[in-house]
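**Q** When you get a sec, could you give me coordinates for this:
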Amino acid sequence: MNKVCAASLRNWADSYDLPDIHKSESGRMVGFPRDRAKLINLEELVLVSSGVAELPEEIGDLQNLTKLWLHDNRLSNLPQSIGRLHHLTVLSLGENYIQTLPEGIGGVYRLEKLWLQSNGLMELPAEIGNLGHLKKLWLYSNALENLPGEIGNLKSLLVLDIGKNRLRVLPDQIGNLSNLEKLSIADNMLCTLPDTFEKLTNITKLWAHNNGFEELPKVIGKMHHLSKIYFYQNRLAALPEEIGLLSHLTTLNVSKNRLVSLPDSIGALSSLGVLHLGNNALTQLPESIVNLQRLQYLDLSGNPSLVLSRTQKAWIEALISNGCKVKL
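**A** Have a look, this model is predicted:
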């Protein structure tokens, strides 16, 4: 870093009255260093809630930076030079006003964690697919209407949160995210899932509530590691028999749908501890449901036409005596 670049960075920091780097009460180093040697060796930059509205092009000269925390500021864009931060592994940009990302974002190829939630993002550049080391990506609460197919290149991804956007479809390439463990597609306008979804066999938690799904896709039965499913507040009229294949499922929330009945296979969910069936149109339950002996919470409320058999009533009484919370 030359003296001109260092001086430009100092002037930028002074324009926002950013404090010099110091140890906070929590023991974390925060602020922006003015000393050129410290700038050259800087590995972590914490400027959270600092009123920053723009970053200078010279930010890309902080070549040793590995962590950059910029959430809760006033940023509306990023400089292309962000792509020169080749050692960056953590980038936090949530709660800003960013509508687009520069193509240069693809240059931060060592990135492992990227926070972009609560911005105004309307699209993602294809270069997002260059982040092959990315493990966690938070994109919730934006204005995304689609995802680029290149998102399927993020094969190291373990966590993906694209909830609370404007998505109507997901790209087929999402099926390439074979290592994905946690996925949120909640609060969108999705009605179907691509057939390639069946490849996501390592998912353990799936949030898909508040969409327009009319059926739970049969491919769900191939996602054998699922432990928690949230599909409440959709338009589900039925659940597929394949749901009974999810032997590790501990939580199933399908409340606020249009369910009239349940498949017999629901009784095979031997690990189930939490079952939300409230506010549907259930008239009866399959007798196999009494096989669910590990329930700790059962919600059947809001089903005014539901008639329970004598065996099911006895089952519920037994659950209650064992400490299960039941809502009828």
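
**Q** In a strand, Leu295, correct?
**A** No - membership of Leu295 in a strand is not supported by DSSP: H, G, I helix; E, B strand; the rest coil, which gives coil.

**Q** got the contact list for it?
**A** 272-275, 319, 324 (Cβ atoms under 8 Å, 6 or more residues apart in numbering). (Glycine included, C-beta is placed from N, CA and C.)

**Q** and those, which of them are in strands?
**A** With DSSP state E as the criterion, strands contain 274-275 from among the contacts of Leu295.

**Q** Adding distance to Phe32, neighbour count and pLDDT, write the contacts of Leu295 out as a markdown table.
**A** What follows is the contacts of Leu295, written out as a markdown table (distance: Cβ to Cβ, whole Å; neighbours: other Cβ atoms under 10 Å; pLDDT from 0 to 100):
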| residue | distance to Phe32 | neighbour count | pLDDT |
| --- | --- | --- | --- |
| Leu272 | 52 | 24 | 98 |
| Gly273 | 49 | 17 | 98 |
| Val274 | 47 | 18 | 98 |
| Leu275 | 52 | 25 | 98 |
| Leu319 | 58 | 20 | 97 |
| Cys324 | 55 | 19 | 97 |
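
**Q** got JSON lines for the contacts of Leu295, with distance to Gly244 too?
**A** As requested, the contacts of Leu295 are exported to JSON lines (distance: Cβ to Cβ, whole Å):
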{"residue": "Leu272", "distance to Gly244": "11"}
{"residue": "Gly273", "distance to Gly244": "16"}
{"residue": "Val274", "distance to Gly244": "17"}
{"residue": "Leu275", "distance to Gly244": "13"}
{"residue": "Leu319", "distance to Gly244": "20"}
{"residue": "Cys324", "distance to Gly244": "21"}
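
**Q** Nearest to Leu124 among the contacts of Leu295?
**A** For these, the minimum distance to Leu124 (Cβ to Cβ) is 34.1 Å, reached by Val274.

**Q** show me the contacts for the closest one.
**A** Val274 is in contact with 250-253, 295-297, counting by Cβ under 8 Å, 6+ apart.

**Q** so what's Ser265 up against?
**A** Residues in contact with Ser265 (Cβ under 8 Å, 6+ apart) are 241-245, 288.

**Q** Is it part of a helix or strand, or is it coil?
**A** helix.

**Q** Ala186 is in what secondary structure piece?
**A** Under DSSP states H and E, no helix or strand contains Ala186.

**Q** check contacts around it.
**A** 163-164, 207-211, 230 are the contacts of Ala186 under Cβ under 8 Å, 6+ apart.

**Q** cool, and Tyr297?
**A** For Tyr297, the contact set (Cβ under 8 Å, 6+ apart) comprises 273-276, 324-326.

**Q** Which one of those residues is nearest to Ser309?
**A** Taking the contacts of Tyr297 together and measuring to Ser309 by Cβ to Cβ, the closest member is Val326, at 15.9 Å.

**Q** My understanding was that that closest one contacts Ala318; is that so?
**A** No - Val326 lies out of contact with Ala318 (Cβ atoms under 8 Å); the separation is 10.6 Å.

**Q** how about the strands in the stretch 51-200 of the chain?
**A** Ranges of strands within the stretch 51-200 of the chain are 67-69, 90-92, 113-115, 136-138, 159-161, 182-184, based on DSSP state E, counting those that start in this stretch.

**Q** Thanks again, I'm all set now.
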